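> Quick one, structure for this:
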Amino acid sequence: MQPQILLLKEGTENAQGKQQVISNINACSAIVDAIRTTLGPRGMDKLIVDNRGKATISNDGATIMKLLDVVHPAAKTLVEIAKSQDAEVGDGTTSVVILAGEFLKQCKPFVEEGVHPRVIIKAFRKATKLALDKITELGVKINKEDEKEYRSLLEKCAATSMSSKLIHQQKDFFSTMVVDAVMMLDELLPLNMIGIKKVQGGALEDTVLVPGVAFKKTFSYAGFEMQKKTYKDPKIAMLNIELELKAEKENAEVRLDNVEEYQKVVDAEWNILYDKLDRIQKSGATVVLSKLPIGDVATQYFADRGMFCAGRVPDGDLQRTMKACGGSIQSTVHDLNDQTLGTCETFEEKQVGGERFNFFYGCPKSKTCTIILRGGAEQFMEETERSLHDAIMIVRRAMKNDSVVAGGGAIDMELSKYLRNYSRTIAGKEQLIIGAMAKAFEIVARQLCDNAGFDATNVLNKLRQKHAQDGVWWGVDINNEGIADNFEACVWEPTIVKSNAIVAASEATCLLLSVDETVKNPRSGQGEQQMGGMPGGMGRGRGRPMM
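From the prediction side, this is the model:
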């Protein structure tokens, strides 16, 4: 009798072979089912409550995937592809997860029947390449010469991105705003140059786009109300210095034996502060911004001399102000001159809802802008911010990659038809697998119909017929429960959104098919319990990082 060989530690779970691949596919299908219903203009929203009780309402695939605490190792792949799609393109995060899930679902019967995963992977890679070539061939180039046409096209791309979000009723208003915002940036289109600030209260339509920098008024001391609220052509000093008297560290000790010496110490402190303030005033700066606090003495000092100051300005806002108005952030007051001071045409402080905001208009250096969002509930404004982020990313992509395709399941149905026809020209197992991938592409149109409550089989049959008769851009028409030429209906999206989604979904599928064994060490489970077992507010000094 063969002695039993113990190779792995007791309690190690390992699963391998065909069953393992199938169980991974099932885990991914479960994740896809959680996100499936959010696709498209009639998609539902998800309400996710985290362990601290904070509720998030979202329709954005990537946000939902991040908030779902997925523990299954294979299913985490889907979370990763949603994040990568969000980082690369910004939109299409739900479609990429649904596509990957459907690819896996179509592979499942082949794996069960014993087709080797490598054969499936090879066919998938081939089909992906064919699909990408076809998308590139079908994409419609943007004409950048005609300013008006170019602009309307970008607005349509933004509107398509927003049509599935909470703010789809106001998509015309917001798409114009998003295109305006992106158009203000320089050639590199840096995303961090568009600031989005949320102010509760008011209606969504009260949202404004500020051509310049705007940020919330920071904490201020007495004397602040005496400062002027508007300046024409101010010079702006951006500092990283504390302008207040600091309490000594607890363990600092100065031994003095008479009052005069104590007075000297106090005077020295005051002189250091006044020296800084004098230098700032002599530099000609009229607006002083600092990352660190500006105390009550300094505030009063500036107010008496007709200068404006704001301390504790968030780092991102200070960086944007610096890039927009020129100058540089100084950590000393000795170098303040015209090179290190920024300028803008007008500076003013205004009331927006319940908050005071500082506005810098007419910034000479960089192209930057700020969107001040208004709205009722906090969750609603957060979701609006996410929707605007997606739309901004889409417009940036459309400007950088100048070709678009029709959305609404049109391009997916066309790829499905193309791959299906191609599969019939080859012999061997690849024919079946490429045919299965072609069928998987239909999921986008099918899911759009299901989410809107249409009869998916009917609509898909009509679409297959149209595409067989070379109606390339026919897709689902959500408004009239039928099909329509989506290119005519202006449902457009940048080609890169689709091609990126297909590549990511196909890569994830190949990755999961190539895994045939999972080994789970027993320590990891206990370790997590020990880590998670300690309460959040650990005792004093107990919050050291666990090694």
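> per-residue pLDDT, residue 289?
On pLDDT, residue 289 comes in at 91.
> ditto for residue 3
In this model, residue 3 is scored at 69, pLDDT.
> With the one 4 residues further on instead?
According to the predicted model, the pLDDT of residue 7 comes to 76.
> who does residue 14 bridge with?
residue 519 (DSSP bridges).
> Show me which residues of stretch 141-151 are buried.
142, 150 (16 or more other C-beta atoms under 10 Å). (C-beta placed from N, C-alpha, C; glycine too.)
> Just list the residues touching residue 123, thanks.
Neighbouring residues of residue 123 by C-beta atoms under 8 Å, 6 or more residues apart in numbering: 429, 430, 433, 434, 437.
> where are the low-confidence patches of the stretch 351-500 of the chain?
365-366 (pLDDT under 70).
> What segments of it are helices?
Along the stretch 351-500 of the chain, counting by DSSP state H, counting those that start in this stretch, helices occupy 378-400, 410-423, 429-441, 443-452, 456-468, 495-513.
> helices or strands next to the longest one in the packing?
Under the contact criterion of 3 or more C-beta pairs under 8 Å, 6 or more residues apart in numbering; DSSP states H and E, helix 378-400 touches strand 55-58, helix 147-162, helix 171-183, strand 194-200, strand 369-375, strand 492-494, helix 495-513.
> what comes up buried for it?
Buried residues in helix 378-400, counted by 16+ other C-beta under 10 Å: 379-399.
> Likewise for the third one?
Across helix 429-441, burial judged by 16+ other C-beta under 10 Å covers 430, 432, 433, 434, 435, 436, 437, 438, 440, 441.
> same check, this time on the shortest one
Within helix 443-452, the residues that qualify as buried by neighbour count (16+ other C-beta under 10 Å) are 443, 444, 445, 446, 447, 448, 449, 450, 451, 452.
> if we can go back for a sec, nearest to residue 372, out of the buried residues of helix 429-441: which one, please.
Proximity of the buried residues of helix 429-441 to residue 372 (C-beta to C-beta) peaks at residue 441, which lies at 41.1 Å.
> The closest one contacts residue 416, doesn't it?
Yes. Residue 441 is in contact with residue 416 according to C-beta atoms under 8 Å; the separation is 3.9 Å.
> Below-threshold pLDDT in this protein: ranges please.
Residue ranges of the chain with pLDDT under 70: 1-4, 6, 247-251, 365-366, 523-547.
> try 80
Within the chain, the stretches with pLDDT under 80 are 1-16, 187, 218-225, 245-254, 364-367, 522-547.
> so residue 231 sits in a strand?
Yes. The assignment for residue 231 (DSSP: H, G, I helix; E, B strand; the rest coil) places it in a strand.
> who's in contact with the residue lying closest to it once chain neighbours are set aside?
Spatially, and ignoring its direct neighbours in sequence, residue 231 is nearest to residue 347 (4.6 Å; C-beta to C-beta, 6 or more residues apart in numbering). Counting by C-beta under 8 Å, 6+ apart, residue 347 makes contact with 230, 231, 234, 236, 287, 308, 358, 359, 360, 361.
> With residue 367 as the reference, name the closest of the helices of the stretch 351-500 of the chain.
helix 378-400 (13.2 Å).
> what distance separates that closest one from the centre of its chain?
7 Å (C-alpha atoms, centre = their mean, to the nearest Å).
> angle of it against strand 194-200?
160 degrees (axes from the mean of the first three to the mean of the last three C-alpha atoms, to 10 degrees).
> Export helix 378-400 to PDB, keeping only CA atoms.
C-alpha atoms of helix 378-400 as PDB (Å, rounded to 0.1, in the frame of the first residue of the first chain):
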ATOM      1  CA  GLU A 378     -25.000  64.200  -0.800                       C
ATOM      2  CA  GLN A 379     -25.200  60.700  -2.500                       C
ATOM      3  CA  PHE A 380     -26.800  62.200  -5.500                       C
ATOM      4  CA  MET A 381     -24.100  64.800  -5.800                       C
ATOM      5  CA  GLU A 382     -21.400  62.200  -5.500                       C
ATOM      6  CA  GLU A 383     -23.000  60.100  -8.200                       C
ATOM      7  CA  THR A 384     -23.300  63.300 -10.400                       C
ATOM      8  CA  GLU A 385     -19.600  63.800  -9.900                       C
ATOM      9  CA  ARG A 386     -18.800  60.300 -11.000                       C
ATOM     10  CA  SER A 387     -21.000  60.700 -14.000                       C
ATOM     11  CA  LEU A 388     -19.300  63.900 -15.000                       C
ATOM     12  CA  HIS A 389     -15.900  62.300 -14.500                       C
ATOM     13  CA  ASP A 390     -16.900  59.500 -17.000                       C
ATOM     14  CA  ALA A 391     -18.200  62.100 -19.500                       C
ATOM     15  CA  ILE A 392     -15.000  64.200 -19.200                       C
ATOM     16  CA  MET A 393     -12.800  61.100 -19.700                       C
ATOM     17  CA  ILE A 394     -14.900  60.200 -22.800                       C
ATOM     18  CA  VAL A 395     -14.500  63.700 -24.300                       C
ATOM     19  CA  ARG A 396     -10.800  63.600 -23.700                       C
ATOM     20  CA  ARG A 397     -10.500  60.200 -25.300                       C
ATOM     21  CA  ALA A 398     -12.600  61.400 -28.300                       C
ATOM     22  CA  MET A 399     -10.300  64.400 -28.700                       C
ATOM     23  CA  LYS A 400      -7.100  62.300 -28.500                       C
END
